[in-house]
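Undergrad: no sequence on this one, just coordinates:
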């Protein structure tokens, strides 16, 4: 993470709202340097600030207006484009990397990278693309692969987050499985329940295994398992009590 | 791909623009069924249609207004939330899956899934979350993990594209490497060039290997290699010709 984080460059954006959306995504995914080539004027009360979320405090007001050729000169430039060429006969948009491939290649490279996004509607033109060092394209539906500028930038920054986000909001472990002994105790209780209800003896093993597979696949948490243990203990106590009552009162067991 | 594609549900959205953004992302990533709980009125001239791109033709006008409980009743529901609980002591937002984990688990499951997004700002409330079957959370910067509604939906649908997009716009092979024999011929030419320039004999092997590693890592396309072959052949011819001239004219070789 000591690596320099990519800067984000938007070339000739027309809509303040898209600039705001990109600034917000930058803040969501740990980026901070926004550079604009030929931007519209931005005002505190327009969509740029309206869409920027907390990025209105820092990234957006600190955005720098730059010249396209200065970016080409000073950065390893990655252009984004929805449409690529099919093969190397036309190489303005070929070869390309997907966002995942770009992330993997940047992981092991010490470089100052600029993620360059083009204008709404038409993107970067061929002259601009020809000056870029790499092409990145987001896989999308062949029917309609053209993402909105802000959405494309969001997806790309999301994919690069491993390079840019020190710490996410999520706990390190997405799920901690209940202690195995507790889970086993649950299977025991389930088996006891089958027994207590007079379940067909030949089928008990198979049915317990089914429950084992079902719960096992779900990676139960300790809370889930302790809840189930409590419920099943209570159930089994009541089932056993019913049997005692049957015996005590010499009642026929009509519900086997 | 015969599996049923998820439907997208937006609960209590306030801003028509976000509905448009979500509709566009759905079309970008191969989804089609949009369901809205308590939506604002949508008009052809508002931001919903303005932001929807080509989804203004089908997904948006076909969006259905539904009741939250009907979704709970009829679908395997996946709630999205930026903030999760840390562990199982509070289980309204725990355990959760990341978008990648959700994709992997849905891959092997035949089910009718609803991706449920909450209102702007506050998301789904705890009562709503309690009725959801699973929680999905997008990893983002701990400083500011709250994505805009449209951006969150875009990222999630992007990650699920393997389940929903039959064919992307990208060629199947991102890059086809030049035939190995051509690449080898290029290394031969490079070595010949070292020779023709009178490069230190002891260093030729090492320098050729350096070029081999450099070009090899880049996976050159056939176009790149055939271009280089042409260039190097021409260069070597001219270098050899210079030597002939030196001999012919008994010139000292001052540029070794």
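TA: Perfect, I can see it now. This one's a predicted model, so the numbers in the text were calculated from it and none came from an experiment.
Undergrad: residue numbers of the stretch 1-150 of chain A in contact with chain B?
TA: A:21, A:24-25, A:27-30, A:51, A:53-55, A:82-84, A:86-89, A:91, A:94-98, A:101, A:137-148, A:150 (C-beta under 8 Å from any C-beta of the partner chain). In this view, the C-beta of every residue, glycine as well, is placed from N, C-alpha and C.
Undergrad: could you redo the last one with a cut-off of 6 Å?
TA: Proximity of the stretch 1-150 of chain A to chain B, by C-beta under 6 Å from any C-beta of the partner chain, involves residues A:24, A:27-28, A:30, A:54, A:86, A:88, A:95, A:137, A:139-142, A:144-145, A:147-148.
Undergrad: out of the residues you listed, which sit inside helices?
TA: A:24, A:27, A:28 (DSSP state H).
Undergrad: any low-confidence regions in the stretch 151-256 of chain A?
TA: Low-confidence segments of the stretch 151-256 of chain A (pLDDT under 70): A:173-175, A:255-256.
Undergrad: swap in 90 and give it another go.
TA: Applying pLDDT under 90 to the stretch 151-256 of chain A flags residues A:166-181, A:183-184, A:193-228, A:230-256.
Undergrad: what segments of it are helices?
TA: Applying DSSP state H, counting those that start in this stretch to the stretch 151-256 of chain A gives helices spanning A:161-164, A:180-196, A:201-217, A:222-248.
Undergrad: with pLDDT and neighbour count added, can I get the ones in helices among the residues of the stretch 1-150 of chain A next to chain B in TSV?
TA: Shown next, in TSV, are those (pLDDT from 0 to 100; neighbours: other C-beta atoms under 10 Å in any protein chain shown):
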residue	pLDDT	neighbour count
A:24	97	26
A:27	97	25
A:28	97	31
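Undergrad: could you find the closest non-adjacent residue to the residue nearest the centre of chain A?
TA: With distances taken as C-alpha atoms, centre = their mean, residue A:158 lies nearest the centre of chain A, 7.3 Å away. Leaving aside its chain neighbours, residue A:158 sits nearest to residue B:155 (4.9 Å; criterion: C-beta to C-beta, 6 or more residues apart in numbering or on different chains).
Undergrad: report how many residues lie close to the one you found.
TA: For residue B:155, the count of nearby residues is 26 (other C-beta atoms under 10 Å in any protein chain shown).
Undergrad: what does the one 10 residues further on give?
TA: Using other C-beta under 10 Å as the criterion, residue B:165 is surrounded by 23 other residues.
Undergrad: now residue A:133
TA: Around residue A:133 there are 14 other residues, counting by other C-beta under 10 Å.
Undergrad: and for the one 10 residues further on?
TA: Counted with other C-beta under 10 Å, the burial measure for residue A:143 works out to 14 neighbours.
Undergrad: residue A:144 too?
TA: 19.
Undergrad: any idea which of the helices of the stretch 151-256 of chain A gets closest to chain B?
TA: Among the helices of the stretch 151-256 of chain A, helix A:222-248 comes nearest to chain B, with 3.7 Å by C-beta to the nearest C-beta.
Undergrad: re the thing from before, how about JSON lines for the helices of the stretch 151-256 of chain A, with mean neighbour count and distance to residue A:69 added?
TA: Listed next are those as JSON lines, based on neighbours: other C-beta atoms under 10 Å in any protein chain shown; distance: least, C-beta to C-beta, whole Å:
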{"stretch": "helix A:161-164", "mean neighbour count": "18", "distance to residue A:69": "26"}
{"stretch": "helix A:180-196", "mean neighbour count": "17", "distance to residue A:69": "62"}
{"stretch": "helix A:201-217", "mean neighbour count": "12", "distance to residue A:69": "57"}
{"stretch": "helix A:222-248", "mean neighbour count": "14", "distance to residue A:69": "59"}
